[in-house]
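Enquirer: pasting a predicted model and its sequence here:
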Amino acid sequence: MFKSIIHEPVEGNKHVPHIEVQDNKVTVKCGKDAMHPTIDSHYIGWIKLFGLKDKVLYELGSTNFWPGLSEPMTQFQIPEIKRFSKLVAVSYCNLHGIYESEVALQ
């Protein structure tokens, strides 16, 4: 969705937002097995979640993180999640830029 401004996702990269969906609860974290660092000089500043419906991308929520004080993980409750065909998560690292991942919904 944001291909012109993001880095290519690489498996295992701690910058890429990992999306987990359970019913209408969506968890997004930067780093699947190990979390991205969260220190004053290197941190994830925010994560945004979007839903794709009928070729339109809707922003469903966002979370900002304070450097050194919070891990880059957030949860969203999406009551009408079945209305969307895909979820897209975007994260911002203060040193390395913007990363994106997506997951198709049934």
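Expert: Nice, I can see it.
Enquirer: so what pLDDT did the residue lying closest to Ile78 once chain neighbours are set aside get?
Expert: Nearest residue to Ile78, sequence neighbours excluded (CB to CB, 6 or more residues apart in numbering): Asn24, at 5.2 Å. Every residue, glycine included, has its C-beta placed from N, CA and C. Here the pLDDT value assigned to Asn24 is 95.
Enquirer: got it, and Lys14?
Expert: Lys14 is given a pLDDT of 81.
Enquirer: which residues does it contact?
Expert: 30-31, 34-37 (CB atoms under 8 Å, 6 or more residues apart in numbering).
Enquirer: can you give me the strands in the chain?
Expert: Counting by DSSP state E, the chain has strands at residues 17-22, 25-30, 44-53, 56-64, 73-77, 86-93, 97-104.
Enquirer: so what's the most centrally placed residue in the chain up against?
Expert: Centroid check for the chain by CA atoms, centre = their mean gives Ala89 as the closest residue, at 3.2 Å. By CB under 8 Å, 6+ apart, the residues touching Ala89 are 17-19, 28, 47-50, 100-102.
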